[in-house]
Structure formats: structure tokens, C-alpha cells
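Visitor: My questions are about this predicted structure, shown below with the sequence.
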Amino acid sequence: MSHDVPGHPERPARIRALEAEMSAADWFGCSVLEAPRASREALLAVHPATHVDFVEELCSSGGGAIDADNGAARGPAEERSFDQRIDHQP
């Protein structure tokens, strides 16, 4: 959980607390799967190349704000992942 931005509501402690509560409720009947890493091609299917390039450069140069609500973590792309999960009904 490298997404730790001080003061931001989506922080590791909040995610861990939510996951603990959901786990106690047996994930409300959902299956928990690890999300696959998005390829550049998948990103380009939903974002313009200029945006994907901007985020890659931002991350490579130390991270920072993308806009008022979103930020990017520092480091090379292969080191960035957000332990995201996809929940599917069985």
C-alpha cells in the first residue's frame, strides 16, 4: 500500500480498516481477487497518450498532483501498484 498521502482520505489505514470490516462480514458474499496490472495499451484505451505520458513523467520525477483530487506516486511504473482488488459476485 504505497498510496500514503498525508491528509488524503484514501490512505492505507482507511483501506485496511475497510477490508477488516468487510472480511468480518465475509465480504458480503463477494469473491476477492487481485487486480491485474494495467498495460500501457489498456491505459491508452481509456486515456489519451498525452495523459499517460504526463503521469509516467510525473511519477518518474518524484510524483505529485495530477489535479485537485488525484495524485501520482513516485518511482518507475513497474514499482507502482495500489494493492487494488476486484470484487465479483459468485
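Guide: Everything's here; your move.

Visitor: Would you point out the helix or strand in the protein whose mean pLDDT is lowest?
Guide: Among the secondary structure pieces of the chain, namely its helices and strands, strand 85-88 has the lowest mean (mean pLDDT, DSSP states H and E), a mean of 39.

Visitor: which residues of this structure fall in helices?
Guide: Taking DSSP state H, the helices of the chain run over residues 12-24, 40-46, 49-60.

Visitor: Can you tell me which of those helices is most buried?
Guide: For those, ranked by mean neighbour count under the definition mean count of other CB atoms under 10 Å, the leader is helix 49-60 at a mean of 14. To be clear about C-beta, it is placed using only N, CA and C from the backbone, and glycine gets the same treatment.

Visitor: Just the mean pLDDT for that helix, thanks.
Guide: Over the span of helix 49-60, the pLDDT mean works out to 90.
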